[in-house]
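# Task: produce atomic coordinates for the following.
(one chain, ligands or ions: 1)
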Amino acid sequence: MQHYDVAIIGGGPAGLTAAMTLSRSLRRVAVLESPADPRNACSHGVHGILGLDGVSPAEYRGRAWRDLARYGMAELLETEAADLVPGPGEEDGFEVVAEHGGPLWARRVLLATGMTDVLPELEGFRECWGATVIHCPFCSGWENRERAWGVVTADPEFAAKAPRAFAAWSDDVIVFTDGAAPEGDPGVETVTGRIRGLRHDGGDLRAVELDDGAVVERGTLLWQLDQRPVPLVSGLARNRGLVLREDCYVKTDGSCRTSVPGLYAAGDTITETQGAIESAASGSTAAFQIIEDETA
Ligand SMILES: Cc1cc2nc3c(=O)[nH]c(=O)nc-3n(C[C@H](O)[C@H](O)[C@H](O)COP(=O)(O)OP(=O)(O)OC[C@H]3O[C@@H](n4cnc5c(N)ncnc54)[C@H](O)[C@@H]3O)c2cc1C
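Presented below is the predicted three-dimensional model:
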């Protein structure tokens, strides 16, 4: 069985930044990365990272691996991690069971798996997702500036502040409750019908169709989707004592340690405040903590 100092599950900004810090600290690292598309694969460019603004998610990862290759300490294993079997003692590490290839052993494991977005099964949604149906104004607001916006939310507080919150990007912001009927703010134009589908031209949103047949012209929807943990994390919560918060993110102690000794978590999987920079910073924090705990 191959032995590593640290196994990192997930090769996005959190996992790769941790791999960089650990590589430069002369730790032997395995990065297990699922062959499935990452969550942000539909993004046309990752924004807000100085020096890399607008690179595609694939280019970001490619550049990270070129940087990591200089140190020769990190190995990419293109496979899905299926389970982590802790050794009998707290310092005995983990057997990492992968979908493909034999198991490996690591003294410590970092979960950097991101989250899964729950996409609605609506005609036109997937074509527009990431381009004109967006989840975050900081990521994609600039590309959608000066269009007619709809904010899809059932949260009356969020709905009430939407026009002011997004005014810099659009002076025409209305709210869709998608079937929910919150009390709402009389000053905010609100459409309460359930959304049946999206009309678009090659992913360029044109209008929202409602169940009652009404059609509301819009160029952009800001849609905050529900998220759920990836299957590995749900399995660890069921079978290995990993504690999740009520809102389903992995619970950590503030320094990326989870409830399972030797198991750490970083990036989107521990917070709803999500971004490439935030995840990278969290991966770096996790690596610092792993090194500190090893040498304590
Ligand atoms: C459409 C879209 C556009 C975005 N645009 C921006 C932007 O412009 N700027 C910005 O800062 N942020 C943006 N974000 C957010 C940003 O992409 C995320 O916050 C960031 O990628 C999270 O990094 P992460 O490393 O925590 O997780 P991820 O990047 O999601 O990486 C997790 C990786 O783990 C892998 N994985 C999961 N389970 C397993 C397993 N069992 N075994 C092996 N591998 C596994 C996944 O396949 C994935 O590759 C965007 C997100 C989306 C969805």
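# domains of the chain?
2-117+226-295, 125-223 (automatic domain parsing).
# nearest to the ligand, of those domains?
domain 2-117+226-295 (2.3 Å; Cβ to the nearest ligand atom). The C-beta positions use only the backbone N, C-alpha and C, and glycine is treated the same way.
# can the domains of the chain go into JSON lines with extra columns for mean neighbour count?
Output for the domains of the chain, formatted as JSON lines (neighbours: other Cβ atoms under 10 Å):
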{"stretch": "domain 2-117+226-295", "mean neighbour count": "19"}
{"stretch": "domain 125-223", "mean neighbour count": "17"}
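# I'd like the ones you listed laid out as CSV, including mean pLDDT and distance to the ligand.
Shown next, in CSV, are these (pLDDT from 0 to 100; distance: least, Cβ to the nearest ligand atom, whole Å):
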stretch, mean pLDDT, distance to the ligand
domain 2-117+226-295, 96, 2
domain 125-223, 94, 3
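# Do a quick rundown of the helices in the chain.
13-24, 57-69, 125-128, 137-140, 156-165, 231-239, 276-295 (DSSP state H).
# closest one to residue 213 among those helices?
Of all these, helix 125-128 sits nearest to residue 213, with 18.8 Å by Cβ to Cβ.
# Return the list of helices and strands in contact with the closest one.
With contacts defined as 3 or more Cβ pairs under 8 Å, 6 or more residues apart in numbering; DSSP states H and E, the packing partners of helix 125-128 are strand 195-201.
# contacts for the strand it packs on?
Outside strand 195-201, the residues that touch it by Cβ atoms under 8 Å, 6 or more residues apart in numbering are 120, 122-125, 127-128, 132-133, 152, 176, 178-179, 205-211, 215, 221.
# how far is it from where the chain is centred?
25 Å (Cα atoms, centre = their mean, to the nearest Å).
# on that earlier part again, adding distance to residue 254 as columns, could you present the helices of the chain in JSON lines?
What follows is these, written out as JSON lines (distance: least, Cβ to Cβ, whole Å):
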{"stretch": "helix 13-24", "distance to residue 254": "16"}
{"stretch": "helix 57-69", "distance to residue 254": "26"}
{"stretch": "helix 125-128", "distance to residue 254": "36"}
{"stretch": "helix 137-140", "distance to residue 254": "24"}
{"stretch": "helix 156-165", "distance to residue 254": "27"}
{"stretch": "helix 231-239", "distance to residue 254": "19"}
{"stretch": "helix 276-295", "distance to residue 254": "9"}
